[in-house]
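Asker: With the input below, show me the fold.
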Amino acid sequence: MGDVGVLFGGPSPEHDVSVLTGLQAAHEFLAMGRRTVAIYWTKVGSFVEVDPALEASAFLEGAPKGSTPLTLSVADGGGFIAEGGRLRGARSLEIEALVLCTHGGPGEDGTLQGALDLAGVPYSGPSVSGASLGMDKLAFGAVMTLADIPSLPRIPLTEQTMAVNFDGPYIVKPRFGGSSIGIDVVADLDVARARLSANVHLANGAVLEPYRPDLADLQVAARTYPTLEISAIERPLRASASGEILGYADKYVGGEGMASAPRELPADLPADRVAAMRDMAARVVAVCDVRGVARIDFLANDDELYVNEINTIPGSLGRYLFIEPPVSFGQLLDDLVAEAVRSPTHRYSAAGADGLVLRGAASIAAKLA
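Answerer: Down below sits the predicted model:
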């Protein structure tokens with residue numbers, strides 16, 4: 001087996017949580033005796049190689065001391081290249097596959113995935129299309145509706161939005177974001193529009209949904225290799241009983257990211273509700289081209305069940321949810337690497353570009369005249 005890579009961080013509001021997830025994975029690989037390459041993606045977008053045994057405190061000021069600058073090359077035979085110093089030249093990192101621990105932003109919206117596809121680097125988690133769909137709350141909601149998967153209504157929110165076809169109060173969310181960052185509960189449409197200029201997380205777009213305090217959060221994970229497996233169902237618990245929604249602090253501020261968040265696991269639910277959620281999760285996996293490990297978030301009361309969102313690279317890689325049957329973190333990581341190697345996300349081809357069109361074309365200058 002070759003070296004395994006773990007990539008974490010990135011220019012995202014979820015940068016710090018990504019560091020936690022990445023270090024958890026790197027430390028687990030080291031404990032398994034795997035040769036491990038740790039790649040830290042800084043807040044300004046540069047890549048550096050770091051010691052995989054580092055602790056989270058090493059990243060408080062950005063790239064740790066002793067980091068090696070990297071370049072991601074899409075040239076033939078490209079990949080991550082370590083910059084050379086005075087005593088040695090540049091070297092290619094020989095990585096069997098990358099485990100992506102990049103939450104939010106360009107690490108989870110398809111941007112990084114597209115770059116890695118061009119560079120020919122195998123990676124875990126969603127493809128470009130799967131990542132893009134999962135990050136776009138408006139598009140994801142529309143796909144759920146088209147697939148007849150129950151979800152709450154959702155519309156784009158702009159300064160020109162003057163009417164809503166569902167009753168308030170409302171939830172305002174970033175269209176492209178996750179993990180409860182930048183989410184507000186508002187009383188009416190006027191307040192919702194005012195949030196567009198006041199909330200920096202809404203700069204790239206916003207969506208509006210009905211706020212239903214009678215609906216509680218439930219979550220389940222799915223992994224796709226070697227076969228589809230649906231995890232136990234969890235009921236996340238809020239740190240404060242007065243919180244209107246499950247917040248960022250509820251999920252992540254506990255020392256180990258999502259792995260240390262308060263929860264009821266497995267959730268105490270009737271058997272028919274468990275079966276319905278697991279069936280609905282499998283349908284979401286099929287419709288959204290899920291790859292790797294994803295977490296699917298639901299909203300439910302005693303009578304209603306709705307798919308809310310999908311997190312295509314979940315905090316702590318959803319490792320804590322696979323308890324029925326138990327799956328070790330090491331096994332989860334090994335399966336992510338195996339899927340990355342054996343089931344590439346994309347293979348580009350120039351088949352059909354045989355020069356026929358070019359040979360039959362007249363002078364371009366003549367066509368422009």
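Asker: tell me which helix or strand of the protein sits lowest on mean pLDDT?
Answerer: When each helix and strand of the chain is scored by mean pLDDT, DSSP states H and E, helix 248-252 comes last, with a mean of 55.
Asker: What's the first helix or strand after that helix?
Answerer: Where DSSP states H and E defines the elements, the next helix or strand beyond helix 248-252 is strand 263-264.
Asker: next SSE after that next one?
Answerer: Taking DSSP H and E as the definition, the helix or strand right after strand 263-264 is helix 271-287.
Asker: Tell me the helices and strands packed up against that next one.
Answerer: helix 137-146, strand 216-223, strand 229-236, strand 293-300, strand 305-311 (3 or more CB pairs under 8 Å, 6 or more residues apart in numbering; DSSP states H and E). From N, CA and C alone the C-beta is placed, and that goes for glycine too.
Asker: distance between that helix and the chain's centre?
Answerer: How far helix 271-287 lies from its chain's middle: 20 Å, per CA atoms, centre = their mean, to the nearest Å.
Asker: Give me the residues contacting it.
Answerer: Applying CB atoms under 8 Å, 6 or more residues apart in numbering, the contact partners of helix 271-287 are 143-144, 147, 149-150, 218, 220, 222, 224, 228, 230, 233, 269, 290, 294, 296, 298, 300, 305, 307, 310.
Asker: cutoff 7 Å now
Answerer: 143, 147, 149, 218, 220, 222, 224, 228, 230, 233, 296, 298, 305, 307, 310 (CB atoms under 7 Å, 6 or more residues apart in numbering).
Asker: Relative to residue 105, which of the helices and strands packed on helix 271-287 is closest?
Answerer: strand 305-311 (13.2 Å; CB to CB).
Asker: Kindly provide the whole-number mean pLDDT of whatever helix or strand comes next after that closest one.
Answerer: Counting by DSSP H and E, the next helix or strand C-terminal to strand 305-311 is helix 329-342. Helix 329-342 carries an average pLDDT of 98.
Asker: again with stretch 67-79
Answerer: Here the average pLDDT along stretch 67-79 is 91.
Asker: Unless I misread the structure, residue 71 falls within a strand.
Answerer: Yes. Counting by DSSP: H, G, I helix; E, B strand; the rest coil, residue 71 is found in a strand.
Asker: Correct me if wrong: it contacts residue 79.
Answerer: No. Using CB atoms under 7 Å, residue 71 makes no contact with residue 79, being 9.6 Å away.
Asker: Any stretches of this protein with poor pLDDT?
Answerer: Across the chain, the ranges flagged by pLDDT under 70 are 1, 85-88, 179, 239-260, 369.
Asker: Got the domain ranges for it?
Answerer: 3-123, 126-151+213-326+335-344, 153-211 (automatic domain parsing).
Asker: end-to-end on the last one?
Answerer: Put plainly, it is domain 153-211. End-to-end distance of domain 153-211 (CA to CA, to the nearest Å): 10 Å.
Asker: Distance of the residue nearest the centre of the chain relative to residue 282?
Answerer: The chain has residue 313 as the residue nearest its centroid, 3.2 Å off, counting by CA atoms, centre = their mean. For residue 313, the distance to residue 282 equals 19 Å [CB to CB, to the nearest Å].
Asker: what does residue 268 give?
Answerer: For residue 268, the distance to residue 282 - CB to CB - is 22 Å.
Asker: Between the two, point out the one with more neighbours.
Answerer: More neighbours surround residue 282 than the other of residue 268 and residue 282, with 17 against 7 (other CB atoms under 10 Å).
Asker: on that earlier part again, tell me the most packed of the contacts of helix 271-287, by neighbour count.
Answerer: Going by other CB under 10 Å, residue 296 tops the contacts of helix 271-287 with 29 neighbours.
Asker: Just list whatever residues bridge to it.
Answerer: For residue 296, the beta-bridge partners under DSSP bridges are residue 220, residue 310.
Asker: which one of residue 71 and residue 79 has more residues nearby?
Answerer: Using other CB under 10 Å, the more surrounded residue of residue 71 and residue 79 is residue 79, with 21 against 13.
Asker: Could I get the contacting residues of the more buried one?
Answerer: 73, 92-93, 119-121.
Asker: Just the buried residues of those.
Answerer: Buried members of those, counted by 16 or more other CB atoms under 10 Å: 73, 93, 119-121.
Asker: With secondary structure as extra columns, can I get these in a markdown table?
Answerer: Converted to a markdown table, the buried ones among the contacts of residue 79 look like this (three-state DSSP):
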| residue | secondary structure |
| --- | --- |
| 73 | strand |
| 93 | coil |
| 119 | helix |
| 120 | coil |
| 121 | coil |
